[in-house]
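1. no sequence on this one, just coordinates:
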């Protein structure tokens with residue numbers, strides 16, 4: 001049964017977009033987005049609407065768990081559309097190579113076709129990888145700016161003073 005179409009329709013009525021839909025080990029993972037981010041109230045409404053639709057249509061033979069969430073800061077990349085949304089962003093991925101060890105790459109996505117993604121890897125430069133060679137991939141969130149130095153790293157510590165109360169008289 002096609003779940004993507006009805007789930008997209010339900011989410012659209014809540015001003016949400018479907019980012020990913022995947023059944024993994026008895027859990028139906030529904031990942032939603034919206035411009036400006038997803039709040040808890042939106043997730044609750046989406047969970048309720050999808051849950052009610054699933055109860056009415058009963059698409060699964062076995063027990064399952066429904067999990068509705070936002071993609072988070074570091075988004076899982078599984079589909080061509082996911083990689084297209086990551087154009088110009090830093091990603092990390094694991095490439096499966098026949099007869100060789102899995103290769104870990106990190107860099108900026110520079111191009112995406114229907115069958116490949118091109119990554120400007122920090123170490124080896126431009127690499128084109130077929131989607132069927134990807135073990136897993138995700139975006140990388142950079143917290144920005146350099147960390148502030150701590151007092152133990154050369155910055156002088158604040159002087160502490162102790163005052164003693166004086167007696168009158």
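-> Sure thing, it's come through. Just so it is clear, the structure is predicted and the values come from calculations on it, not from any experiment. Numbers count the residues shown, from 1 in each chain.
2. Apart from its neighbours in sequence, what residue is nearest residue 137?
-> Leaving out its chain neighbours, the residue that sits closest to residue 137 by CB to CB, 6 or more residues apart in numbering is residue 93, at 3.7 Å. Using the backbone N, CA and C atoms, a C-beta is placed for each residue, glycine as well.
3. Okay, and the beta partners of the one you found?
-> residue 105, residue 137 (DSSP bridges).
4. Give the burial count for it, as a bare number.
-> 23 (other CB atoms under 10 Å).
5. ok, now residue 20?
-> 19.
6. Please apply the same query to residue 61.
-> 6.
7. Chain neighbours aside, what residue packs nearest to the spatially most central residue of the chain?
-> Nearest residue to the geometric centre of the chain (CA atoms, centre = their mean): residue 75, 1.7 Å. Counting by CB to CB, 6+ apart, residue 75 lies nearest to residue 139, which is 4.7 Å off, once chain neighbours are set aside.
8. doesn't residue 83 make contact with the one you found?
-> No. Residue 139 is beyond contact range of residue 83, at 9.9 Å (criterion: CB atoms under 8 Å).
9. Name the residues contacting each of these two.
-> residue 77 (CB atoms under 8 Å, 6 or more residues apart in numbering).
10. Between these two, point out the one with more neighbours.
-> Neighbours per residue, other CB under 10 Å: of residue 139 and residue 83, the larger number sits with residue 83, 25 against 21.
11. The more buried one - that's part of a strand, no?
-> No. Residue 83 sits outside any strand when classified using DSSP: H, G, I helix; E, B strand; the rest coil, being helix.
12. Spatially, what comes nearest to residue 27 if we skip its sequence neighbours?
-> Nearest one to residue 27, counting by CB to CB, 6+ apart, is residue 65 at 4.6 Å.
13. What's the local residue count around the one you found?
-> Residue 65 has 9 neighbours, counted by other CB under 10 Å.
14. That one against residue 24, yeah?
-> No. Residue 65 lies out of contact with residue 24 (CB under 8 Å); the separation is 10.1 Å.
15. Okay, domains of the chain per the record?
-> 4-69, 80-139 (automatic domain parsing).
16. Can you check the distance spanned by the longest one, start to finish?
-> Domain 4-69 has an end-to-end distance of 16 Å (CA to CA, to the nearest Å).
17. same question, stretch 8-17
-> Distance between the two ends of stretch 8-17: 7 Å, counting by CA to CA.
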